[in-house]
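1. Here is my input; please provide its structure:
(chains A, B, C and D)
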Protein chains: 2
Amino acid sequence: MKRRHATLSDIAKALNVSASTVSRALHDSPLIRKETKDSVIAMAKALNYQPNQQAIGLLNKKTKIIGVIVPEITGYFFATAINGLQDFVENTGYKLIIGQSNESFDQEAKLMETLSLARVDGLIISPTSETTSNIHLEKFRESGIPVVVFDRDCPNFLSDKVFVDDYEGAFQAVDYLIKTGCRKIAHLGGPANLTTCRCRKRGYLDALTQNGITPDPQLILEVPGFTPDCGEEIIRDLLDREAIPDAIFAVNDAVAIGTMPVILEKGLRIPQDISLIGFDDEPYSQYFMPSLTTVWQPVYELGLLSGRILMNHILHSPEEYDYRYELLKPELIVRQSSKPLV
Amino acid sequence: MKRRHATLSDIAKALNVSASTVSRALHDSPLIRKETKDSVIAMAKALNYQPNQQAIGLLNKKTKIIGVIVPEITGYFFATAINGLQDFVENTGYKLIIGQSNESFDQEAKLMETLSLARVDGLIISPTSETTSNIHLEKFRESGIPVVVFDRDCPNFLSDKVFVDDYEGAFQAVDYLIKTGCRKIAHLGGPANLTTCRCRKRGYLDALTQNGITPDPQLILEVPGFTPDCGEEIIRDLLDREAIPDAIFAVNDAVAIGTMPVILEKGLRIPQDISLIGFDDEPYSQYFMPSLTTVWQPVYELGLLSGRILMNHILHSPEEYDYRYELLKPELIVRQSSKPLV
DNA sequence: TTCTTCCATGCAAACCTTTGCATAAATATT
DNA sequence: AATATTTATGCAAAGGTTTGCATGGAAGAA
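-> Here you go, the predicted structure:
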C-alpha cells in the first residue's frame, strides 16, 4: 500500500496555482493573499504534505544532522551524556547520528568518514584511548564543519571543548582520604593516554604532596580498561604484597567495584582496613555494601552543553570564531566505603 | 576556510567530459572506456569527491537512515540492544537516528513524527509502557515504511517482531526456586501494561501451579518502574508483614538489587532466609555480595536480529510479505543469591 | 564507396524545493 | 485618461545525481 508523499506541485495542481505560490504560502510570505494562503494550508493538510528535507537540504547545503562519536554507548557515562544531548537537540529540528568507536582509532576514523559522507552539519566527539593523531579531525575542520570535543581532550586540536574538571575531582577525593587518616593511598589509574586519566592522576599526586605525603610509585598502578574485571585483577596483585595500602582511589566506579569482593574475601574490612573511592557515581554504586564513596560528574549537563555550544557554532558561525573551553565541576559524594571525617 | 564539496560536474569540467560520463565511470559502467574510467577515478580522488547522498536520495527516494525509538537509552538493556543494532548496520551504509521516548506516549508519537519527516527508510521500535494505541504505527505502515517491533510487543499491530521469551525465563527462575526448597515465593512484577512484564508474571504463576503451589495474591506485587528505588520501597512493605516470603523473583536486576540492602538490614540472610532472583543479568549483578542469580537475555542479539530483519524487509520488500516473529531464548544464571540445588 | 553495426559519450529530464526576476492585473496618482 | 505604483502570481534556474534516448564517430560488411 505504498503511496507517494505529497509534493508542492501536488498541492499546486489541486488548486490551479504554481508551486512557488504554494511554497511561499506555506512560509507565510507577505507576498501571498490571505485567501490563497488559507486554501493552500487547508490543501496541504488534506494531502498530509510533509516538506522533503532532502530537497531542502540539497538547496541550502544543510542536513540538519549532527554526528556523535563516543568510545562506547552501553556504559552509564556516555549513555547519559548522549541523553543530555538528545534532550537539547530535541526541539531544534536537528537529528543525531550516533556512532561508537569501541576505543579503536580505526573505527573512529571510519565513522568520521561515514559522517562526512552523510554531510553532517556538526560533530560531537569523545576520542578513543588510542587516538593520538588529529588528522581525521583536521579534515573535518578544513571542510568547515564545526566540531565539539567533550570529556576527553584531543590536545593540539583547535575546537570548542567541554570537559569535567577531573583534576579537581581527584584532588578532593584524595584530600578527603588523607583527612580521614589514610596515608598509604593507592591509585588504580586508567590508560595514561587519556587526558581524563592523566588529570585524575595529577589530582591524586598533588593532593598527596600538598598534604606532605611523598607519593609511593609502588602504589600507583594502571588498569588497561574501565571494567570491574580490570579492578579485580589488579587488586589481587596489590594485596599479595607485604605492605598493603590503607586506601584506594580508583579511576572509576567500575574498577572500584571490581576490587570489593577481593578485598572482603581477604578478610579486610571496608572502610576500617581499606577505604575505597571511585569516580562517576554510577547508578548502582550506592547500592553496594558498603555503598561506594565516589566523585559525581555532571554528565547529563556535559552532553547538553556540548550540544548547545555546537548548535551555537552551527547557527551563527562568524568568520572570526572564539573557541569555547568549558570546565564543569564534579562533586565528592561521601558514602560508606570511606571513613567519616573526625 | 570553507570550501565547496567537489561535484560530478567539477570532475567533468576538469576532464572535458560530461557529468553523465563521470557518473557512469564511477559506477564502473561497461559503457565507459577503460582509459576514461581511469582518468575519472584519478580526478575524483584528486578532488576528494564524495557523492552527495541528499541528491541521490532525492532521486531514488531513499535516505539510508533507520529510525530507532526506545523508552530510554541510559540503561544497560536498551543500550546493549542498540549496540547490536549499530554493529549490524555499520557495514550496510545505513545510519541510525536514535530517539528515546522516556516511557511517554506523547514523546513517542512526536518522535515518530520527526522520523517520518526525516523520511527514514525503516523503523525499529520498543514501545513505551503507556502505549496502548497503534495509530501512530499504522500511519507508518500505511506509507510503506517497514517497522520492526522488538522486546515489548504492540498487540494487534502487524509487523516484524523480535522478542525474548520472557515467559520461559521467568518459568525457569521460579521453577529453580521451588526445586531449591522455596515455597512462599513473592513476585515483584513490573507495569502490567508491558507484555514483557505480563509474560514474566505468567511464567511465575505457571511455575508455581505446575509444581502444585497455589499462588498467593498477597505475594504478587507490582512496582511502578524499573529502578532500585522501586524495589527498595516495595520490599519495606513486604517485610513489614507477618508472613514473609522465602524467595523473591523480581521483574529485573535493578529492582532486585534495590531490595538487597533492606533485606540484609532487617537481619535476614540471602539466600538462607530469602532467595533472590532478578532478570537481565546487568554487568554489575555479579559483583554484589551475594552475587545475584538472574535471567540472562540475549540483548545484543536482539538488536542485531532486529536490524537484520528490518534491512531484509527494506531491501527485498516484495508485495506479499510474511511478517517474521522471532523469540530468543534467555538463560538462568545461578549465582549466590539463591540456594544451590540439593 | 556506401550502408550497417557497435561503441563511447552527451543531452535532458526527473527528483523537490526555494527564490530572484518578470509579468499581469489592479489600484493610486496627476 | 494616461502613467506610476502596488499587489499577487508565475517562470525558470539552481542544487547534485541518475538514466533513457539520441548522436557522433569508427569499424565492419557488402
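2. Pop the domain breakdown of chain A in here.
-> A:8-51, A:60-164+A:299-328, A:166-297 (automatic domain parsing).
3. Out of those, flag the one nearest B:Glu320.
-> Between B:Glu320 and these, the shortest separation by C-beta to C-beta is 26.3 Å, and it involves domain A:8-51. From N, CA and C alone the C-beta is placed, and that goes for glycine too.
4. what distance separates the start and the end of that closest one?
-> End-to-end distance for domain A:8-51, by C-alpha to C-alpha, to the nearest Å: 8 Å.
5. quick one: average pLDDT of it?
-> In this model, domain A:8-51 has an average pLDDT of 94.
6. Stretch A:200-214 now?
-> 98.
7. Ok, stretch A:298-309 next?
-> For stretch A:298-309, the per-residue pLDDT averages 98.
8. Just the buried positions in it, please.
-> Using 16 or more other C-beta atoms under 10 Å in any protein chain shown as the test for burial, stretch A:298-309 gives A:298-309.
9. How about stretch A:273-289?
-> For stretch A:273-289, by 16+ other C-beta under 10 Å, it's A:274-289.
10. again with stretch A:322-342
-> Neighbour-count burial for stretch A:322-342 [16+ other C-beta under 10 Å]: A:326, A:328, A:330, A:332-339.
11. Just the strands from chain A, written as ranges.
-> A:65-70, A:95-100, A:122-125, A:147-150, A:160-164, A:185-189, A:220-222, A:247-250, A:275-277, A:294-296, A:325-328, A:331-333 (DSSP state E).
12. Of the ones you listed, which stretch is the most buried?
-> Burial of those is given as mean neighbour count (mean count of other C-beta atoms under 10 Å in any protein chain shown); strand A:247-250 ranks first at a mean of 30.
13. count of neighbours near the residue nearest to A:Thr195 when sequence neighbours are not counted?
-> Here the nearest residue to A:Thr195 in space, its sequence neighbours aside, is A:Asp153; by C-beta to C-beta, 6 or more residues apart in numbering or on different chains that works out to 4.1 Å. By the criterion of other C-beta atoms under 10 Å in any protein chain shown, A:Asp153 has 18 neighbours.
14. Can you tell me how far A:Asp153 is from B:Ser338?
-> 46 Å (C-beta to C-beta, to the nearest Å).
15. As CSV, the strands of chain A with distance to A:Ile263 would be great.
-> Below are those laid out as CSV (distance: least, C-beta to C-beta, whole Å):
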stretch, distance to A:Ile263
strand A:65-70, 31
strand A:95-100, 32
strand A:122-125, 37
strand A:147-150, 34
strand A:160-164, 27
strand A:185-189, 11
strand A:220-222, 15
strand A:247-250, 8
strand A:275-277, 7
strand A:294-296, 16
strand A:325-328, 31
strand A:331-333, 20
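16. Serialize these to a markdown table and add fields for distance to DNA strand C.
-> Below are the strands of chain A laid out as a markdown table (distance: least, C-beta to the nearest atom of the strand, whole Å):
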| stretch | distance to DNA strand C |
| --- | --- |
| strand A:65-70 | 17 |
| strand A:95-100 | 17 |
| strand A:122-125 | 21 |
| strand A:147-150 | 27 |
| strand A:160-164 | 28 |
| strand A:185-189 | 53 |
| strand A:220-222 | 55 |
| strand A:247-250 | 53 |
| strand A:275-277 | 55 |
| strand A:294-296 | 45 |
| strand A:325-328 | 33 |
| strand A:331-333 | 46 |
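17. how close does the residue in the stretch 151-300 of chain A that DNA strand D sits nearest to get to A:Leu310?
-> Nearest residue of the stretch 151-300 of chain A to DNA strand D: A:Ser159, at 25.4 Å (C-beta to the nearest atom of the strand). Relative to A:Leu310, A:Ser159 is positioned 10 Å away (C-beta to C-beta).
18. between these two, what contacts are shared?
-> A:146, A:148 (C-beta atoms under 8 Å, 6 or more residues apart in numbering or on different chains).
19. closest to chain B out of the strands of chain A?
-> Proximity to chain B (C-beta to the nearest C-beta) singles out strand A:95-100 among the strands of chain A, at 5.0 Å.
20. re the thing from before, and A:Ser159 and A:Leu310? Which one has more around it.
-> A:Leu310 (27 against 22).
21. Surely that one is in contact with A:Pro146?
-> Yes: in this structure, A:Leu310 is within contact of A:Pro146 by C-beta atoms under 8 Å, at 5.9 Å.
22. hey, what's in contact with both of those two?
-> What both A:Leu310 and A:Pro146 touch, as defined by C-beta under 8 Å, 6+ apart, is the set A:122-123, A:160.
23. coming back round to it: can you put the buried residues of stretch A:322-342 in a markdown table and add distance to DNA strand D?
-> Output for the buried residues of stretch A:322-342, formatted as a markdown table (distance: C-beta to the nearest atom of the strand, whole Å):
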| residue | distance to DNA strand D |
| --- | --- |
| A:Glu326 | 35 |
| A:Leu328 | 39 |
| A:Pro330 | 45 |
| A:Leu332 | 53 |
| A:Ile333 | 52 |
| A:Val334 | 58 |
| A:Arg335 | 57 |
| A:Gln336 | 61 |
| A:Ser337 | 58 |
| A:Ser338 | 59 |
| A:Lys339 | 65 |
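24. before we move on, the earlier item: what's the closest of the buried residues of stretch A:273-289 to A:Ser9?
-> Once C-beta to C-beta is applied, the member of the buried residues of stretch A:273-289 that ends up nearest A:Ser9 is A:Pro283, at 52.7 Å.
25. and the closest residue to the closest one other than its chain neighbours, what does it touch?
-> Of all residues not flanking A:Pro283 in the chain, A:Tyr76 sits nearest, at 6.3 Å (C-beta to C-beta, 6+ apart). By C-beta under 8 Å, 6+ apart, the contact list for A:Tyr76 reads A:280, A:282-283, A:299, B:74.
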